[in-house]
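Student: Sharing a sequence plus its predicted fold:
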Amino acid sequence: MAFLDFLFNEEKTQKETQKKVREVDRTADTEFAAEDAHLDLREEELEIDKYRVETGDVTLHKDIVEEEQSVNVPVSHDQVVIEQRVVDHEPTNEPITEEETVHIPVTAEKIDVEKHTVVTGKVSAHKRSVQETEQVHEVLRKEVADVESHGTTDLIKED
């Protein structure tokens, strides 16, 4: 049993030594005051700054695209139809002359193609600001008062 008593006493001595060290550490920071004393309590606050960064860009430009079109356009032209028929020897009073000419004008539609430019649409670009919410997680520390009393003390806490 002497061995167990030795271990128990050794453990008890270590606890007492640790308690004394803690009390000595507190006493070193203790401000002795005759009547009034105070502690400043501090806490951390978040200070959040925002700034803009360039994340990309947009370029607006035109390209020329060629496309072949086929359009059917109806056109007309004149045809001269020559018909010759046999007549059964009908008598006439007109003499035979040296030359007789009949002039028949012949026409046809031709196609003249021209190109011209027209506006078919407009493209515009503008920026707008969009609000979002980003959540920030951070651990903040603060000091709180811890009042200990030893012996017979009459404490009144006022908040």
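Tutor: Great, that's in hand.

Student: any idea what sits nearest D78, other than its immediate chain neighbours?
Tutor: In this structure, D78 finds its nearest non-sequential neighbour in V106, 4.6 Å apart by CB to CB, 6 or more residues apart in numbering. Heads up, the C-betas are built off the backbone N, CA and C, glycines and all.

Student: what's the burial count for that neighbour?
Tutor: If you count neighbours by other CB atoms under 10 Å, V106 ends up with 8.

Student: which residues touch it?
Tutor: V106 makes contact with 77-80, according to CB atoms under 8 Å, 6 or more residues apart in numbering.

Student: And it, what's its pLDDT?
Tutor: As predicted, V106 sits at a pLDDT of 96.

Student: quick check, it in a helix?
Tutor: No. With DSSP: H, G, I helix; E, B strand; the rest coil as the criterion, V106 is assigned coil and is not in a helix.

Student: what ranges do the helices span in this structure?
Tutor: Listed in chain order, the helices of the chain (DSSP state H) span 2-29.

Student: middle-most residue in it, spatially?
Tutor: Central residue of the chain (CA atoms, centre = their mean): V130, 8.5 Å from the mean position.

Student: From V113, how far off is that one?
Tutor: Distance from V130 to V113, counting by CB to CB, to the nearest Å: 50 Å.

Student: what do you get for A145?
Tutor: On the measure of CB to CB, A145 and V113 end up 95 Å apart.

Student: any residues touching stretch 47-67, and which ones?
Tutor: Stretch 47-67 is contacted by residues 123, 125, 136 when judged by CB under 8 Å, 6+ apart.

Student: Show me the residues you listed that map onto strands.
Tutor: The members of these all map outside strands under DSSP state E.

Student: For the residues you listed, give me JSON lines that also has pLDDT.
Tutor: Rendered in JSON lines, the data for those read as follows (pLDDT from 0 to 100):
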{"residue": "V123", "pLDDT": "92"}
{"residue": "A125", "pLDDT": "93"}
{"residue": "V136", "pLDDT": "92"}
